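1. return atomic coordinates for the entry below.
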Amino acid sequence: MQQRGSCRRFWWSLGMSDSRRPGWISCSFSALCQQIVNGGTPDTGNPGYWNGTTPWITGADFTERGIGEFRRYVSGAGIRGSATSVVRQGNLLVVTRTGVGKIAIAPCDIAISQDVTGIYLDSDKVDINFAYYLLKRELDELKKLNQGTSINGIVRSDLERHRVQIPESKITQAKIARVLLRIDSAIEKTEALIEKYQQIKAGLMHDLFTRGVLPDGKLRPTREQAPELYRETGIGFLPKEWTVEKLENLLAPVAHNMRSGPFGSALLKHELVENGIPFLGIDNVHVERFVPDFKRFVSRRKFEQLAKYKVRPGDVVITIMGTVGRCCVIPSALVEALSSKHLWTMTFDEEKVIPELVCWQLNHAAWAQAWFRRAMQGGIMDAIQSNTLKTLMLPVPSPDEQKLIHGRYDAISRRIGTAVEQLDKLRLEKNGLMHDLLTGKVAVKVDEAQEEHV
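-> You can find the predicted model right below:
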């Protein structure tokens, strides 16, 4: 076991220097590497190069968490006959071209395309998991180097000479990595829980809108079990007590119960102000979620001039340009705001229908999606016309049954909302930890009596 002084002499002999933080070393990224390899694409017209046993990946195969499913495999001949490189299991893979900035640790031996760079680290100098998080953070800076140039990606020479700071102790590096691995595990479990809840909700809501809820809180028997409880309608078999109504017949008896705008000269760009009454857009409307991150505002005077476009708490809002078809309900806390021409804003008669149940159908129901596809004649929906919405047929249970359906909807939605809030907190915590731990701002305590030195 070497003493701390001799360990520092070892680092300095490699051209590294002390950083400003005690116990940290500043060096080029290449000083941490044994080898950096590029990739390539075997001839796609040569069948002998493909359908082998080695996975071959491009930037498109990466996810935020690493690598997704392997889609293509190369043969030994394909590896030998092309510029691809096989990166061995446990080494770093970085997307330096298309999809630039994504990173993974190779879960097995993998052949790489020209989009990907393989990095073999010097295990005597750096812990692989620490290097993964360090590079994940540093890649944001590397991506900026070629913005505004003809180079689309990260240049290898930039990566090699990029300066990084790391703890001189691998024990410290590993401890930092374990902290970040734990929070990543918590994030992954929370994401899986949200996905599970969303699947449960989708199945539950389909049953609730095709079978309904009896006064005892149970679902009706299925049509196969009790065909006498159902009747055929234009949107499928529904409980016989339900009606089917055009959306326009469910709107509230108030002025401007369905509106989009303002258009043209009614609101000019220079009339927007830095603070005032929010002017809503596509970015505020997500699937069953209103995002109160306001970027545009109008003055009180302009708001009063455009009063017919104001939104009301409980309004159903759907995006009709850009990202088309996202729908949410305006929360009760938003007392004053102005709708935009990128949205349809609808005020429903709550004695006839509960807005959240309309919103769910616009986002997810098979009958609503089929109607939109028909209106677009099978093409991609690039806008929603008012008549398309007004003539959409919706199932309408009795008010009492709607309340029972909404109760089930609200319970699962709240569960999802709680998990989403927890996920947001974990992500914020991770961002803070990555900054604090990977820069040495917050020290990680290591028992020196147990620490092994290089």
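2. can you name the next helix or strand after the helix or strand that contains Val317?
-> Val317 is part of strand 316-319, with elements assigned from DSSP states H and E. Following the chain from strand 316-319 toward its C-terminal end, the next helix or strand by DSSP H and E is strand 327-329.
3. picking up where we left off before, and the strand holding Val317, what does it pack onto?
-> If contacts are counted by 3 or more C-beta pairs under 8 Å, 6 or more residues apart in numbering; DSSP states H and E, strand 316-319 sits against strand 285-286, strand 327-329, strand 343-346, helix 355-364. Quick note: C-beta positions are derived from backbone N, CA and C, even for glycine.
4. what does that strand rub up against?
-> 280, 282, 285, 290, 311, 325-330, 339, 342-346, 348, 355, 358-359, 362, 384, 389 (C-beta atoms under 8 Å, 6 or more residues apart in numbering).
5. quick one: strands adjacent to it?
-> Partners of strand 316-319 in the sheet, by DSSP bridges, are strand 327-329 (antiparallel), strand 343-346 (antiparallel).
6. what residues sit buried inside the last one?
-> In other words, strand 343-346. When burial is assessed from 16 or more other C-beta atoms under 10 Å, strand 343-346 yields the following buried residues: Leu343, Trp344, Thr345, Met346.
7. so which of those comes closest to Val155?
-> Nearest to Val155, judged by C-beta to C-beta, of these is Leu343 at 42.7 Å.
8. so who does that closest one touch?
-> Under the criterion of C-beta under 8 Å, 6+ apart, the contact partners of Leu343 comprise Ser260, Leu280, Gly281, Ile282, Val285, Val317, Ile318, Thr319, Ile320.
9. what degree of burial does the closest residue to the last one other than its chain neighbours show, as a neighbour count?
-> Spatially, and ignoring its direct neighbours in sequence, Ile320 is nearest to Ile384 (4.3 Å; C-beta to C-beta, 6 or more residues apart in numbering). Ile384 has 22 neighbours, counted by other C-beta atoms under 10 Å.
10. go on, Leu394?
-> Using other C-beta under 10 Å as the criterion, Leu394 is surrounded by 22 other residues.
11. surely it is in contact with Gln361?
-> Yes - here Leu394 reaches Gln361: they are 6.0 Å apart, a contact under C-beta atoms under 8 Å.
12. find residues that contact each of those two.
-> Shared contacts of Leu394 and Gln361 (C-beta under 8 Å, 6+ apart): Trp367, Ala368.
13. next, give phi and psi for the residue nearest in space to the middle of the chain.
-> Nearest to the mean C-alpha position of the chain, counting by C-alpha atoms, centre = their mean, stands Glu64 at 9.0 Å. Note on Glu64: backbone dihedrals following degrees, to the nearest 10 are phi -70, psi -20.
14. could you do the one 3 residues further on as well?
-> Phi and psi for Ile67, reported as degrees, to the nearest 10, are phi -110, psi 140.
15. re earlier: the strands paired with strand 316-319: which one's closest to Val420?
-> With C-beta to C-beta as the measure, strand 327-329 is the member of the strands paired with strand 316-319 nearest Val420 (13.7 Å).
16. that closest one: which residues count as buried?
-> Along strand 327-329, the positions that meet the burial threshold by neighbour count (16+ other C-beta under 10 Å) are Cys327, Cys328, Val329.
17. for the first one, name its beta-bridge partners.
-> When you say that, I think you mean Cys327. Using DSSP bridges, the beta-bridge partners of Cys327 come out as Ile318.
18. show me what contacts it?
-> Neighbour list for Cys327: Val285, Val287, Glu288, Val316, Val317, Ile318, Thr319, Cys359, Leu362, Asn363 [criterion: C-beta under 8 Å, 6+ apart].
19. try the last one
-> By C-beta under 8 Å, 6+ apart, the contact list for Val329 reads Glu288, Phe290, Gly314, Asp315, Val316, Val317, Pro355, Glu356, Cys359.
20. quick one: which of these has the lowest pLDDT value?
-> Here the lowest pLDDT out of the contacts of Val329 sits on Glu288, with 92.
21. and for that one, the neighbour number?
-> A count of neighbours around Glu288, defined by other C-beta under 10 Å, yields 19.
22. Glu429 too?
-> Here the neighbour count serves as a burial measure; for Glu429 (other C-beta under 10 Å) it reads 13.
23. one step back: what's the closest of the contacts of Val329 to Leu437?
-> Proximity of those to Leu437, judged by C-beta to C-beta, is greatest for Phe290, which lies at 34.7 Å.
24. count of residues packed around Gln173?
-> Using other C-beta under 10 Å, Gln173 has 24 neighbouring residues.
25. tell me what angle the helix or strand containing it forms with helix 355-364.
-> Counting by DSSP H and E, the element that carries Gln173 is helix 170-210. Going by axes from the mean of the first three to the mean of the last three C-alpha atoms, to 10 degrees, helix 170-210 is angled at 110 degrees with respect to helix 355-364.
26. ok, back up a step: which single one of the contacts of Leu343 is nearest to Ala111?
-> Of all the contacts of Leu343, the one sitting nearest Ala111 is Ile282; the distance, using C-beta to C-beta, is 40.7 Å.
27. would you confirm that the closest one contacts Gly325?
-> No - counting by C-beta under 8 Å, Ile282 stays clear of Gly325, with 10.9 Å between them.
28. quick one: closest of the strands paired with strand 316-319 to Val244.
-> Nearest to Val244 among the strands paired with strand 316-319 is strand 343-346; the distance by C-beta to C-beta comes to 18.1 Å.
29. now find how far off-centre the closest one is within its chain.
-> 25 Å (C-alpha atoms, centre = their mean, to the nearest Å).
30. could you dump the contacts of Cys327 to a markdown table with distance to Lys218?
-> Conversion of those to a markdown table gives the following (distance: C-beta to C-beta, whole Å):
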| residue | distance to Lys218 |
| --- | --- |
| Val285 | 34 |
| Val287 | 28 |
| Glu288 | 25 |
| Val316 | 29 |
| Val317 | 33 |
| Ile318 | 32 |
| Thr319 | 36 |
| Cys359 | 25 |
| Leu362 | 27 |
| Asn363 | 26 |
